[in-house]
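> Starting from these lines, generate the structure:
(one chain, ligands or ions: 1)
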Amino acid sequence: MPAISPKDGPVAVTGCSGFTGGHMVRELVLHGYQVRACIRDANSWRGKDCVDYLSKLPNVEIVDGCDLFTAGSYDKAFEGAVGVFHVAAVLGNSATVEAQPLGSGDVSDDVYQGGITGTQNVIDAINASGSVKRMVYTSSMAAVSGAKGATIPQGYEWTETDWASDEVDPKVWEHPRNAYARSKVDTEHLINKAADDSGSWDAITMNPAMICGPILFKAQVGQWIEQIGRLAGGLEPTWPSKYDMYYNIIDVRDLVKAHRLTAEIDIDHRQTRGGPRYVMHGSGGRSAMRFGTEVAEVIRDHFPTYTIGEPATITSKGEPITIESKAHNDCKKAKEVLGATIRPVEETIRDVVETSVELGIISPQLQ
Ligand SMILES: NC(=O)c1ccc[n+]([C@@H]2O[C@H](COP(=O)([O-])OP(=O)(O)OC[C@H]3O[C@@H](n4cnc5c(N)ncnc54)[C@H](OP(=O)(O)O)[C@@H]3O)[C@@H](O)[C@H]2O)c1
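Down below sits the predicted model:
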């Protein structure tokens, strides 16, 4: 099977101005790889911040102008590369009409097509290279649990055999609300078929839950790490949710390490249970944590002088919100097959807060 190592040649990473992409580059460099770091626009504020960080790492070549919506824009980055880590997606800070000047003007369509059209462009560049042996794609738990999350029994453990699209009413599945989960499911199928058709490279998918951990540069802030920072800064959370809810945390460092291990292990991932995908959520210990109580408590334990913010628990209609967590996850397959390691979630939360303070993202309000 096409396992890769740093001695085989350079590897490329897409979406390097993002949280996971930046960590992916760091992980690969620390393990001896020459990395082609693909970014969309080195002159955007995120691009500049990312270039500033990546320029300090050894063995990184920044490849600017890589846009998911532009055919051929990954060709230069993948030429002569042996592996591709496809991390970029239209989500978070990048999922607005303004952030997607080459998109359709409709955010849910861009989220979906960022996966399908964007990944087809990535696949075409892999095929054009003739050198890439392995692709690792960052999908999501949204492709595993997605729209049917509410229907599972208490204590259910999601596995790689679960697909978010299974047994879901097609009308519900097609709703713009499910654009992200649909994009991830359909993109996984697209990649698996393209790899089988090519016969010269194989593909592996990682399915992470909510990605959290230390912030390397300011432009990475968004989504869940931003909300943990806000809580530690004494503020109410904002987008993706101002409400109290369960946080299903995976540490970004454990996630990118597992990405690297999938590329380096000499097995046919298709022959493993559930095929070439790995659920990346849960340590076997704390799998889901209630934000306003359990996450807040970890922050309080590490930073006892901080005033901690509170998520909303009452809706705009004055009704109490319902909060449930039915799943219990354990990264079992990733641990067994890849030798993945998952650190205690308390460390992850602490490191979000520490780096948020260090980078001046939050100013703690002392009690
Ligand atoms: N965050 C989570 O909790 C979570 C959970 C499960 C799965 N995931 C998946 O993990 C991956 C990384 O997520 P993240 O949270 O690290 O994302 P992020 O910080 O929002 O980064 C997204 C990256 O994708 C790039 N991108 C967006 N639109 C693009 C386009 N049109 N062309 C090229 N690049 C584009 C962004 O570049 P710009 O800076 O130029 O916008 C950025 O580098 C994604 O595939 C996501 O679906 C994330």
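> contacts, neighbours, all on C-alpha from now
Noted.
> which helices and strands does the lengthiest helix in the chain pack with?
Ranked by residue count, the top helix of the chain under DSSP state H comes out as helix 107-129. In terms of contacts (3 or more C-alpha pairs under 8 Å, 6 or more residues apart in numbering; DSSP states H and E), helix 107-129 is packed against helix 75-78, helix 179-198.
> For that helix, report the contacting residues that lie outside it.
With C-alpha atoms under 8 Å, 6 or more residues apart in numbering as the test, helix 107-129 has contacts from 67-75, 78-81, 84, 86, 89-91, 95-97, 100, 103-104, 132, 176-177, 179-180, 182-184, 186-187, 190-191, 194, 198.
> Okay, now the unreliable bits of the stretch 151-300 of the chain?
Applying pLDDT under 70 to the stretch 151-300 of the chain flags residues 284.
> distance between the ends of stretch 316-334?
41 Å (C-alpha to C-alpha, to the nearest Å).
> For that stretch, what does the pLDDT average out to?
Regarding stretch 316-334, the rounded mean pLDDT is 89.
> mind listing what's buried in it?
325, 327-334 (16 or more other C-alpha atoms under 10 Å).
> picking that back up, can you tell me which of the contacts of helix 107-129 are up against the ligand?
Filtering those for proximity to the ligand (criterion: C-alpha under 6 Å from any ligand atom) leaves 67-69, 89-91, 100.
> got the residues you listed as TSV, with neighbour count and pLDDT columns?
Converted to TSV, those look like this (neighbours: other C-alpha atoms under 10 Å; pLDDT from 0 to 100):
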residue	neighbour count	pLDDT
D67	23	98
L68	28	98
F69	23	98
A89	26	98
V90	25	97
L91	17	93
Q100	20	95
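> could you point out which element follows the lengthiest strand in the chain?
If you go by DSSP state E, the chain has its longest strand at strand 202-208. Where DSSP states H and E defines the elements, the next helix or strand beyond strand 202-208 is strand 210-212.
> Show me the contact partners of that next one.
20, 224-225, 247-252, 348-349, 352.
> Among those residues, name the ones in strands.
Using DSSP E, the contacts of strand 210-212 in strands are 247, 249-251.
> Quick check on those: which are buried?
Among the ones in strands among the contacts of strand 210-212, those classed as buried by 16+ other C-alpha under 10 Å are 247, 249-251.
> most packed of the helices and strands packed on helix 107-129?
For these, the largest average neighbour count (mean count of other C-alpha atoms under 10 Å) is found in helix 75-78, namely a mean of 22.
> That one packs against which elements?
With contacts taken as 3+ C-alpha pairs under 8 Å, 6+ apart, helix 75-78 sits against strand 11-14, strand 35-38, helix 107-129.
> Let me know which of those is tucked in deepest.
When the helices and strands packed on helix 75-78 are scored by mean count of other C-alpha under 10 Å, the highest mean neighbour count falls to strand 11-14 (a mean of 29).
> Return that strand as PDB; C-alpha atoms alone will do.
Taking C-alpha atoms only, strand 11-14 is exported to PDB below (Å, rounded to 0.1, in the frame of the first residue of the first chain):
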ATOM      1  CA  VAL A  11       3.700  16.800   0.700                       C
ATOM      2  CA  ALA A  12       1.100  19.400   0.200                       C
ATOM      3  CA  VAL A  13      -1.600  20.800   2.700                       C
ATOM      4  CA  THR A  14      -4.700  22.700   1.600                       C
END
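> Relative to the whole chain's centre, how far out is that strand?
Relative to its chain's centre, strand 11-14 lies at 15 Å (C-alpha atoms, centre = their mean, to the nearest Å).
> List the buried residues of stretch 355-366.
Residues of stretch 355-366 classed as buried by neighbour count (16+ other C-alpha under 10 Å): 355-357, 361-364.
> Residues of the stretch 151-300 of the chain that sit close to the ligand?
Residues of the stretch 151-300 of the chain lying near the ligand (C-alpha under 6 Å from any ligand atom): 208-211, 220.
> With the stretch 1-150 of the chain instead?
Taking C-alpha under 6 Å from any ligand atom as the criterion, the stretch 1-150 of the chain approaches the ligand at residues 15-21, 40-41, 46, 66-69, 87-94, 100, 138-140.
> how near is H269 to N192?
11 Å.
> got any ranges where the stretch 1-150 of the chain has weak pLDDT?
In the stretch 1-150 of the chain, residues with pLDDT under 70: 1, 149.
> residues touching F19, list them.
Applying C-alpha under 8 Å, 6+ apart, the residues near F19 are 215-216, 220-221.
> ok, those residues vs the ligand, which is closest?
Q220 (5.4 Å; C-alpha to the nearest ligand atom).
> Just give me the neighbour total for that closest one.
23 (other C-alpha atoms under 10 Å).
> Apart from its chain neighbours, what residue comes closest to it?
F19 (4.7 Å; C-alpha to C-alpha, 6 or more residues apart in numbering).
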